[in-house]
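**Student:** need a structure here:
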Amino acid sequence: MVHLAQHDGASLQATDLAAATNVPENYMRKVLHELVRGGVLASVRGKGGGFRLAVPAEQLTLLRVISRFDRISDQRRCLLGRPECSDADPCPAHGHWRAIGAQIAEFFGGTTVAEMAAAPARKRGARGRSRR
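**Tutor:** Presented below is the predicted three-dimensional model:
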């Protein structure tokens, strides 16, 4: 989504998106088609066709994108797999997980694709190195 947002509404081929994101092409195609079904992407056929955002990047939250594949909400499942886990009947991890889960839901629900596209890209090879 970030790569598409950085290309100002242009339609990009699945092959190009797969190469740019280092994702296997078959997997990329499945993801793209699921996002089309969810109204996140539009599929354009013919010459110059491909995939583009169906929603302006400024209005497209990360939560909307990933909700096609994973459920993130304030109503989380128990981290330890208990069928009932609440403040009244907590599991040993409940207090810690509740706070972390709320931060995760806030990040995905409050961050747009445009914000991610505007963030400075990390330089290749800089991972793990301290910056001075």
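**Student:** mind giving me the packing neighbours of the worst-scoring helix or strand of the chain on mean pLDDT?
**Tutor:** None of the helices or strands of the chain scores lower by mean pLDDT, DSSP states H and E than helix 94-110, at a mean of 88. Judged by 3 or more CB pairs under 8 Å, 6 or more residues apart in numbering; DSSP states H and E, the packing partners of helix 94-110 are helix 62-66. For glycine as for every other residue, the C-beta is placed from the backbone atoms N, C-alpha and C.
**Student:** just give me how far the least confident helix or strand of the chain sits from the chain centre.
**Tutor:** Averaging C-alpha positions (CA atoms, centre = their mean, to the nearest Å) puts helix 94-110 16 Å from its chain's average.
**Student:** how about it as CSV, C-alpha atoms only?
**Tutor:** The C-alpha coordinates for helix 94-110 follow below in CSV (Å, rounded to 0.1, in the frame of the first residue of the first chain):
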residue,chain,number,x,y,z
HIS,A,94,-4.1,-10.2,30.8
GLY,A,95,-2.9,-6.9,32.4
HIS,A,96,0.2,-6.7,30.2
TRP,A,97,-1.4,-7.9,27.0
ARG,A,98,-4.4,-5.5,27.4
ALA,A,99,-2.1,-2.5,27.5
ILE,A,100,0.0,-3.7,24.5
GLY,A,101,-3.1,-4.7,22.6
ALA,A,102,-4.7,-1.3,23.0
GLN,A,103,-1.5,0.3,21.7
ILE,A,104,-1.5,-2.0,18.7
ALA,A,105,-5.1,-1.2,17.9
GLU,A,106,-4.5,2.5,18.3
PHE,A,107,-1.5,2.4,15.9
PHE,A,108,-3.3,0.5,13.1
GLY,A,109,-6.5,2.4,13.5
GLY,A,110,-4.9,5.8,13.8
